[in-house]
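1. no FASTA, just this:
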């Protein structure tokens, strides 16, 4: 299926994804394709129209960024047609549709980081004779990091 999209089409889709993702801070917790679908639903509900005020009020785009956003997307008409084209070509997009790799990768990298932190503490104790305050800060940062990552993994 992925071979039905040429390189130029994929580049356009990636560009749209970049601008929609960056221009929609209200939906930063969603995947970019979900945000593009929200745009399509909004445009359809608004009788296939979209304005800078709509971007600001409904998607969280900064007022100073909205005109640039529209310009970079090729103008409102091109922006609207491209958004619907991305939604229509979802089945052909060459990306994995499962997140099965996220949790094992998280576990592997956390284990490697744990080993590195433990070795650092051991070497600081052996070489310097004591563990200092910045070492404790490193440990605190490491301990607080996985809880935030687990929340993210659970959301996806």
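-> Structure received. All values derive from a computational prediction rather than experimental measurement. Residues are numbered from 1 along each chain as shown.
2. thinking in terms of the whole chain, how far from its middle is stretch 82-91?
-> The gap between where stretch 82-91 is centred and where its chain is centred comes out at 18 Å by CA atoms, centre = their mean, to the nearest Å.
3. tell me which residues in it are buried?
-> Buried residues in stretch 82-91, defined by neighbour count with 16 or more other CB atoms under 10 Å: 82-84, 86, 89. C-beta coordinates here come from the backbone N, C-alpha and C atoms, glycine included.
4. Where is pLDDT lowest across those residues?
-> In terms of pLDDT, residue 89 ranks lowest among these, with 87.
5. List the residues that contact that residue.
-> Listed by CB atoms under 8 Å, 6 or more residues apart in numbering, the contact partners of residue 89 are 5, 9, 13.
6. Between those residues, identify the one with the most neighbours.
-> Comparing the contacts of residue 89 by number of neighbours (other CB atoms under 10 Å), residue 13 comes first, having 21 neighbours.
7. coming back round to it: closest to residue 130 out of the buried residues of stretch 82-91?
-> Distance to residue 130 across the buried residues of stretch 82-91 (CB to CB) is lowest for residue 86, with 56.9 Å.
8. other SSEs contacting the strand or helix carrying the closest one?
-> Taking DSSP states H and E as the definition, residue 86 sits inside helix 76-88. Contacting helix 76-88 under the criterion 3 or more CB pairs under 8 Å, 6 or more residues apart in numbering; DSSP states H and E are the following elements: helix 7-22, helix 32-45.
9. What's the local residue count around residue 73?
-> 19.
10. Might one say that it is in contact with residue 12?
-> No: checked against CB atoms under 8 Å, the pair residue 73 and residue 12 is beyond contact range at 10.5 Å.
11. Any chance of the helices and strands packed on helix 76-88 in a markdown table with mean pLDDT and distance to residue 93 as columns?
-> Supplementary listing: the helices and strands packed on helix 76-88 in a markdown table, determined by pLDDT from 0 to 100; distance: least, CB to CB, whole Å:
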| stretch | mean pLDDT | distance to residue 93 |
| --- | --- | --- |
| helix 7-22 | 87 | 7 |
| helix 32-45 | 93 | 8 |
